[in-house]
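Below: sequence and its predicted model.
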Amino acid sequence: MTILTVKEAINQALVESFTNDKNVILMGEDIAGGKGREQYQGTQDAWGGPFGVTQGLLTKFGPERVRDTTIAEAGFFGAAVGAAMTGLRPIVELMYVDFAGVCFDQLMNQAAKMRYMFGGKQNVPMVVRTVVGAGFRAGSEHSQTLYSLYTHIPGLKVVAPYDAIDAKGLLLSSIIDNDPVIFMEHKRLYMSKCEVPENLKPIPLGKGRIRKKGKDITIVAIQRMNLFAEEAANILVDEGVECEIIDPRTYSPLDEALLYESVKKTGKVIIIDESNPKCSLASEISSLISENCFSDLKAPILKLTAPHTPVPFSPPMEDFYIPSTKKIIKSIKTILKY
Amino acid sequence: MTILTVKEAINQALVESFTNDKNVILMGEDIAGGKGREQYQGTQDAWGGPFGVTQGLLTKFGPERVRDTTIAEAGFFGAAVGAAMTGLRPIVELMYVDFAGVCFDQLMNQAAKMRYMFGGKQNVPMVVRTVVGAGFRAGSEHSQTLYSLYTHIPGLKVVAPYDAIDAKGLLLSSIIDNDPVIFMEHKRLYMSKCEVPENLKPIPLGKGRIRKKGKDITIVAIQRMNLFAEEAANILVDEGVECEIIDPRTYSPLDEALLYESVKKTGKVIIIDESNPKCSLASEISSLISENCFSDLKAPILKLTAPHTPVPFSPPMEDFYIPSTKKIIKSIKTILKY
Amino acid sequence: MNIDQNKLKWIYKKLFTIRFFEEKIKKIAKEKLVPGYLHTCIGSEAICVGVMSALNEDDWISSTYRNHGHAIAKNCELKEITSEIFGRKTGICKGKGGSMHISDFNKGMLGSFGIVAAGPPVVLGAALQEKINKGSKNSVTFFGDGAIHNGAFHEAAGLAKLWDIPMLFVCENNGYAEATATDWHLNTKNLSDISRAYNMISYRGDGNNVFEVREITQNALNESIKKNTPIFLEFKNYRFSGQYEGDTQLYQPLEEINEAKKTDPIKIAIEKANDYKLSSIEINNFKKQALDEVEEAFKFAETQPWPEPEDSLNDVYVNYPKNLILKV
Amino acid sequence: MNIDQNKLKWIYKKLFTIRFFEEKIKKIAKEKLVPGYLHTCIGSEAICVGVMSALNEDDWISSTYRNHGHAIAKNCELKEITSEIFGRKTGICKGKGGSMHISDFNKGMLGSFGIVAAGPPVVLGAALQEKINKGSKNSVTFFGDGAIHNGAFHEAAGLAKLWDIPMLFVCENNGYAEATATDWHLNTKNLSDISRAYNMISYRGDGNNVFEVREITQNALNESIKKNTPIFLEFKNYRFSGQYEGDTQLYQPLEEINEAKKTDPIKIAIEKANDYKLSSIEINNFKKQALDEVEEAFKFAETQPWPEPEDSLNDVYVNYPKNLILKV
Ligand SMILES: Cc1ncc(C[n+]2csc(CCOP(=O)(O)OP(=O)(O)O)c2C)c(N)n1
Ligand SMILES: Cc1ncc(C[n+]2csc(CCOP(=O)(O)OP(=O)(O)O)c2C)c(N)n1
Ligand SMILES: [Mg+2]
Ligand SMILES: [Mg+2]
């Protein structure tokens, strides 16, 4: 066991995957950095992306497999699709998920649909690594989550780890998976730490994780919201409330069975998602539970999400935008009254 | 009263809006057609878009206001944003909503967020007209609906008329609205007809429509699904079942009150949406009702949607993809048993 | 240029096959015998066949919604193509794609895209893979004159040049993008001038002359590999077909169509038969063979079974829980 | 070229204001006194001021995340800019935008975009509006060397040329796009060669010489209007700042930075003061005024109230039911 940050865990998963399979490559803007200044000492591998997550890969695996790109996401995301079909396992970086719109066609209409509409003859084993999330004071165009945009599209898989174990194990799985996977990393979780076993095996996609057992209420927590869910649950223990916290971890495919089982037991549910509310992952999970656990439900399913606004910059407003521990506790108490 | 097709109604709304306000312009690929062949008789205005909806506008209003574009959606959608901010009321055509991905950034990050992130000083009064829907044997890249992609984004309004009255009245409203509106036209509804009053006033955005009164079950029907909902309701009348059919018509803002009122009465709900299921409009509406009408619900809310697949081309498969009258009846009977 | 006899036969046979196939499609389109949109490529035969004649069987290409000619020239099974257009189970995409998406990965077709300019980035990726894996397959992306205004084309072109990726960008300049004339939508004198933005080598050729297309393509492939660089090819021809079947084509002046007929690629090819010592008997033979093959393919397709409705649930993913694809 | 005395003073004052402002930002960034990302523009002063000195007050511009210089040169209120960066209620965007989105519509700033190449299409739209409404405002979009590879830039450039839209595409070639050197990422000898794809007139100039920038811009504006056409301008300078504050800048070799310092735009401007008959006393006066203004702005900002949390619910739409923005 070693203690790793999420960032280190992701880097490890990348290094292991690069080592295990020479067809794994990485493309993105400044994923190494220093391109064009190779003749000067210390300029190479100067970045590793804006968060330094991919630092060291260039040095270890060379510029053929670790490719800095221009600001041409439609170009290199399309290239990842073609490379994936013909034998590579490309990982492409969408620096912030907020840039989704400049290459959404390549994912929605090509990566996701090609296997299907061309009759199942080809696979598109690629991974999109992208950074999501509010709370960084990064403003409206660098703070979104957009989980639901990708989850809506058949043909894509969507993964969003909370801690370092899941980050590593799920990324290992995503890279060996034969379908296109959107792997979402939360910028506010990169530095969070946990113990990670030396020889961690890939964690299968489509399996949720019960992060805390409890019998009184089911908290479905989306990615970073696990942090606040846990805080809330810990506080509520003192009041004799036992919360069960479930992190779905992968949103497509979603581990529905795990959710239903929990709700059968608790009869009460709150879903916490820092995304905008409409047609969100929270809406999806709520609608599934209400349809499949109707007779088990003892209270309305609450969704605690961001409001229907862009992410504001200023701290007091951004803090209000993100679901908080306090709001979670308040909402839980509302449901517990039923 | 005249009988108009949806297509004619839209054309009328455009003509009236162009006449009323000289700042209204239209941009899109081949919205007129024949560009570059003006010197030959009969070449001008030869298209009016692939469905002929905008035919005649060029002749009536000239090439300054009716602008054929190149295949550069990011370019002219961005231009619509800039034109809208500075005084025009641009209408831009996204020929099929399936092309959403090539200009999603211009809508999601510019049109939708500029007013907000730049402090509320500017408006972006633009309309995106786009064609949606399956059932045309048009394959995976010309048949999607993607309602939820736009509905998810704060800052956008989303409108999807079913019949000619709503098409005309809602388009009139969308064009005079001061926010960006995505106006979705269903290709399988263009030729459907109904009576439209000569001097139809704009129909306000955010108001749903009860298409049929009933007391036993609420059917929430999304755009073309109103057709099948009505068929199903008519058949069920013979079995003594009175369905209430609600067409939300605008998905953002959504007329939640109208839905809740109906459910209060019926206690039973089915939502019909030809979109893919995950994080869909159906999910959204289901989650809202389950949260807000918990104690009124006598049965689980059913969602009847397309499966989680791209739209297949071949008729038997595409027909299976789209919710059918038969399936609606079957689902309703399931709920009525509760 | 010398052409091996088999290749020569192949070229003529394919030219005729494509032309007859598309004429047949036009006919059944009129009679509304097939579902959906149909984009035929009458006038493009020389480009399809000329380029493909310079490629190896397993080279990579991408096509568009206007793909019948590319698929036929890439040696996809004619019966399977037709069956797909008819929406049948034995179609080349199992009926899931339809006319706009005819494609066979096993024949080196990476895809036929309904989104304008979606192909160039994807083929760039295939070429990148060949480069990284030191493979030897060529990579060619086909697109129309209308696609050169689209960002996806530009991004692919820029990266291909920057990364020294040998591949061909083949633009068919057929005079129209839907109902918009190329001479209006171009900003430059020649379409191929667009490649200057990337300092990319480019050549232009007569898209109605299959032998010229072939020669330019062969040379470009060699140069591209030798210099480790992408090359842009523009072939000029004329779109006799409408944008799709049913298009009234009112925007295409009659005199223009008549003028273009003088350089119809099939006509040109027949005129050139002499140069290659092919007798008119041989030519007629090729025609007959092509026609027979086309007729046979249509007969085959018509009688093929429809897919089961539930077949639509397969092939979305390699691996995904079935019950999450469709709730029952 | 002759410059009116007021303009001259304005130019010097703005140059100093921008430089001092950014230096102050760097300082408080180090001390972590402000939230979020900060992209400063040290080295860009001559481009910001030179271009803006050729514009009218109400002309349209777009900027990027690296917008402080543009906003200051566009006469946005320094106090409001600073307050925005501090996230305060009186900020130029009410605290909603932050450093990356400093923009004031009432000063002709259409927006500061966090998405690379988002600006050119938007400004194209403003210019189109001017054309249609026979208005007289000029339209200028600012973007970096990195943006020229992006599809949105290409689509805007192509349409601007096709539609004969007078506007300026102003590219600041500061040597880097994030941690990537321009001389690596260019496919052509000169960056401005990209405009050849559109047969667009282009000029290059020294981005460190405010007077050259001004002259080129003035001429380009005149030519653009006279010829009814867009024009592409490339100004070369050096990005002394990192991509953002906190960037280690390891990829920028020290010798390169030192070399670039020789042509620092502020240094150049001071050297040129003589040509315009400005004494060093006057220059020092401008400096002092600028510094005072900057200090005052920061003092103002620090003491401004924070927005209320619920303020975040306003300004999403002109008109939308409140209860659908936030459920209570
Ligand atoms: C991104 C996108 N925008 C618009 C369309 C609609 N569309 C289909 S074909 C076409 C014209 C393409 O013309 P060209 O590239 O010259 O190809 P051709 O049809 O002549 O072979 C357009 C605009 C599309 N398919 N994709
Ligand atoms: C579409 C998009 N892709 C990537 C980024 C991340 N990014 C921000 S700035 C930047 C570099 C831009 O360089 P340049 O255009 O030269 O502008 P400069 O920062 O030098 O002013 C990148 C890649 C982005 N903001 N938008
Ligand atoms: Mg064409
Ligand atoms: Mg730069």
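Structure's in. What do you need? Ligands and ions are numbered 1, 2, ... in the order given.

how close does whichever residue of the stretch 201-338 of chain A sits closest to chain C sit to residue C:325?
With Cβ to the nearest Cβ as the measure, residue A:253 is the residue of the stretch 201-338 of chain A nearest to chain C, at 5.1 Å. Backbone N, C-alpha and C define where each C-beta goes, glycine included. Counting by Cβ to Cβ, to the nearest Å, the gap between residue A:253 and residue C:325 amounts to 9 Å.

Below-threshold pLDDT in chain C: ranges please.
Within chain C, the stretches with pLDDT under 70 are C:1.

what's the answer for chain A, then?
In chain A, no residues with pLDDT under 70.

Domain-wise, how is it divided?
Domains of chain A are assigned by automatic domain parsing as A:2-196, A:209-336.

Please identify which of these is closest to residue D:196.
Within those, the stretch nearest residue D:196 is domain A:2-196; the backing value is 18.0 Å (Cβ to Cβ).

Any part of the closest one near ligand 4?
No: Domain A:2-196 lies out of reach of ligand 4 by Cβ under 5 Å from the ion, never closer than 10.0 Å.

Can you confirm whether that domain lies near chain B?
Yes: Domain A:2-196 is in contact with chain B by Cβ under 8 Å from any Cβ of the partner chain, via A:74, A:98-109, A:112-113, A:116-117, A:139-141, A:146-149, A:151-155.

Surely residue A:268 touches residue A:300?
No: taking contacts as Cβ atoms under 8 Å, residue A:268 lies outside contact range of residue A:300: 9.1 Å.

For the nearest residue to residue A:161 once chain neighbours are set aside, grab the count of nearby residues.
The shortest distance from residue A:161 to any non-neighbouring residue, by Cβ to Cβ, 6 or more residues apart in numbering or on different chains, is to residue A:167 (4.1 Å). By other Cβ atoms under 10 Å in any protein chain shown, the residues close to residue A:167 number 32.

quick one: residue A:167 and residue A:13 touch, right?
Yes: counting by Cβ under 8 Å, residue A:167 touches residue A:13, with 7.2 Å between them.

and residue C:267, helix, strand or coil?
helix (DSSP: H, G, I helix; E, B strand; the rest coil).

For ligand 1, what's the nearest residue on chain C?
Residue of chain C nearest ligand 1, by Cβ to the nearest ligand atom: residue C:144 (2.2 Å).

Can you tell me the closest non-neighbouring residue to that residue?
Leaving aside its sequence neighbours, residue C:144 sits nearest to residue C:172 (Cβ to Cβ, 6+ apart; 5.6 Å).

Walk me through which strands the helix or strand that contains the one you found pairs with, and which way each runs.
Element membership for residue C:172, per DSSP states H and E: strand C:168-173. With DSSP bridges as the test, strand C:168-173 is paired with strand C:139-144 (parallel), strand C:231-236 (parallel).

highest average neighbour count across the ones you listed?
Here the criterion is mean neighbour count by mean count of other Cβ atoms under 10 Å in any protein chain shown, and of the strands paired with strand C:168-173 the winner is strand C:139-144, at a mean of 29.

what does that strand rub up against?
Strand C:139-144 has contacts (Cβ atoms under 8 Å, 6 or more residues apart in numbering or on different chains) with C:47, C:51, C:55, C:59-64, C:66, C:70, C:116-117, C:119-120, C:122-124, C:126-127, C:130, C:153, C:156, C:165-174, C:177.

Name the next helix or strand downstream of that strand, please.
Using DSSP H and E, the next helix or strand after strand C:139-144 towards the C-terminus is helix C:151-162.

how about that following helix, does it reach chain D?
Yes: Helix C:151-162 comes into contact with chain D (Cβ under 8 Å from any Cβ), by way of C:151, C:152, C:154, C:155, C:158, C:159, C:161, C:162.

Make TSV out of these and add distance to residue C:99.
Conversion of these to TSV gives the following (distance: Cβ to Cβ, whole Å):
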residue	distance to residue C:99
C:151	26
C:152	22
C:154	28
C:155	28
C:158	32
C:159	31
C:161	33
C:162	36
